[in-house]
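Engineer: show me how the following folds:
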Amino acid sequence: MLTINDLYVGYGDTLVVQGVSLDVAESELVSLVGANGVGKTTLLKTISGLVRAKSGEILFMGENITRLAPDEIVARGLIQVAEGRKLFPAMTVLENLELGAYTKEAHKQKKRNFELVFEMLPDLKTKARNMAGTLSGGQQQMLAIGRGLMSAPKLLILDEPSIGLSPLLTQTMFEIIGKIKEQGVTLMLVEQNVHHALGMADRGYVIEQGRIVLSGPAMKLLHDEHLKKAYLGM
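Structural biologist: Numbering: from 1, shown residues only. I've put the predicted structure just below:
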């Protein structure tokens, strides 16, 4: 579904992403893990068309999207839930969700997707008329994910969904991600929480200093000595 070939991305003369290649197959959950500042968010911005690659290519459903505008990429069903939620705090939960269904394809499926979101995230249903800014941190993250689901994603990319959450809410968030996977949605999860991210993934990639240094089945990566020392403190 998503294929990235030898991607280089930078700002000015500084390269942030260096020769990254990865792929996500239909119905997979693929986790990209790494520390802060190693190029994860830059890579995601490039996939979504917010940053231009210096070289390399990004293919989605077999089409080269490397030079497409962000709205064109979203219209094809490649949806990103950004780090930091990026909600409209002075709008209601319902209004924030409706904004996710602005593309033609998503608008057609709006009723069905509302039902799916409220079934999967019942807190949003009970808070539907509340302003987004009044929600707890965990509820705001649920709303950001719900808005992404309203966009009828073929591929849903989640950027650091557990950031700023308590251990209990982090566990809840990953349970929600598991439910989304059960619905058949293809997922790419970008996380610093290595144990959770790889623990639920089909495959994983480890990025360090803008380069993929490890890749393979997620369970195999969790037992890799380098990863255990670098990220799990073992």
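Engineer: now this structure, which segments are flagged as low pLDDT?
Structural biologist: Residues of the chain meeting the criterion pLDDT under 70: 232-234.
Engineer: show me the helices in it, by range?
Structural biologist: Assigned by DSSP state H, the helices in the chain fall at 40-47, 70-75, 93-99, 104-108, 110-120, 122-126, 137-150, 167-182, 194-199, 218-222, 225-231.
Engineer: check contacts around the residue most central in space within the chain.
Structural biologist: Closest residue to the average C-alpha location of the chain: Leu158 at 1.7 Å, with C-alpha atoms, centre = their mean. With contacts defined as C-beta atoms under 8 Å, 6 or more residues apart in numbering, Leu158 is in contact with Val81, Ile145, Gly148, Ile177, Leu187, Met188, Leu189, Val190. (C-beta placed from N, C-alpha, C; glycine too.)
Engineer: repeat that with 10 Å
Structural biologist: 29, 31, 44, 79-83, 141, 144-145, 148, 173, 177, 180, 187-191, 197 (C-beta atoms under 10 Å, 6 or more residues apart in numbering).
Engineer: buried members of the residues you listed into PyMOL, please.
Structural biologist: Buried residues among the contacts of Leu158 (16 or more other C-beta atoms under 10 Å), as a PyMOL selection:
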select buried, resi 29+31+44+79+80+81+82+83+141+144+145+148+173+177+180+187+188+189+190+191+197
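Engineer: closest one to Thr14 among the helices of the chain?
Structural biologist: Of all these, helix 40-47 sits nearest to Thr14, with 10.5 Å by C-beta to C-beta.
Engineer: kindly check the end-to-end length of stretch 97-115 for me.
Structural biologist: End-to-end distance of stretch 97-115 (C-alpha to C-alpha, to the nearest Å): 12 Å.
Engineer: quick one: residues in contact with it.
Structural biologist: Outside stretch 97-115, the residues touching it (C-beta under 10 Å, 6+ apart) are 71, 74-77, 79, 81, 87-88, 91-92, 94, 116-118, 121, 124-125, 128, 132, 143-154.
Engineer: thank you, goodbye.
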